[in-house]
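Visitor: model the structure of this input:
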Amino acid sequence: MSYDEKMGGARGEIRDKSKIDTYLQYLELVEGWEDYDWNPDPKYKKACKSQMVQDPATGEWVLYYHMHT
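Guide: Modelled structure (predicted):
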């Protein structure tokens, strides 16, 4: 997982070996930060999974996110 804090939010990526593991890591990240707007919205698992891309070099699934403050 990596992130970059910027004025008005943070953005980053979550990586793991499968889409479900990547999504579960994203849910763990979001816990405790529910008052903020997340893109993609973690409430919609299918939408999150549809936005994941597979890194051809590592085979990992990557979800890019942005948290709006």
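
Visitor: I'd like the next helix or strand past the lowest-mean-pLDDT helix or strand in the chain.
Guide: Lowest on mean pLDDT, DSSP states H and E among the helices and strands of the chain sits strand 2-6, with a mean of 60. Per DSSP states H and E, the first helix or strand lying C-terminal to strand 2-6 is strand 9-16.

Visitor: ok, that following strand: who's next to it in the sheet?
Guide: Strand 9-16 sits in its sheet next to strand 2-6 (antiparallel), strand 61-68 (antiparallel), going by DSSP bridges.

Visitor: could you check how far the closest residue to Glu60 other than its chain neighbours is from Asp35?
Guide: Spatial nearest neighbour of Glu60, excluding adjacent residues (C-beta to C-beta, 6 or more residues apart in numbering): Arg15 at 4.5 Å. In this view, the C-beta of every residue, glycine as well, is placed from N, C-alpha and C. In this view, Arg15 and Asp35 are 26 Å apart by C-beta to C-beta, to the nearest Å.

Visitor: again, but for Glu60
Guide: 30 Å.

Visitor: more neighbours: these two, which one.
Guide: Shown here are Glu60 and Asp35; by other C-beta atoms under 10 Å, Glu60 has more neighbours (18 against 6).

Visitor: hmm, that one is touching Glu13, no?
Guide: No. The pair formed by Glu60 and Glu13 falls short of the contact definition of C-beta atoms under 8 Å, at 9.8 Å.

Visitor: where does pLDDT dip in the chain?
Guide: Filtered on pLDDT under 70, the chain yields the residue ranges 1-8.

Visitor: quick one: the longest helix along the chain to chain centroid distance?
Guide: When the chain is parsed with DSSP state H, its longest helix is helix 19-30. Once both centres are worked out by C-alpha atoms, centre = their mean, to the nearest Å, helix 19-30 turns out to sit 7 Å from its chain's centre.
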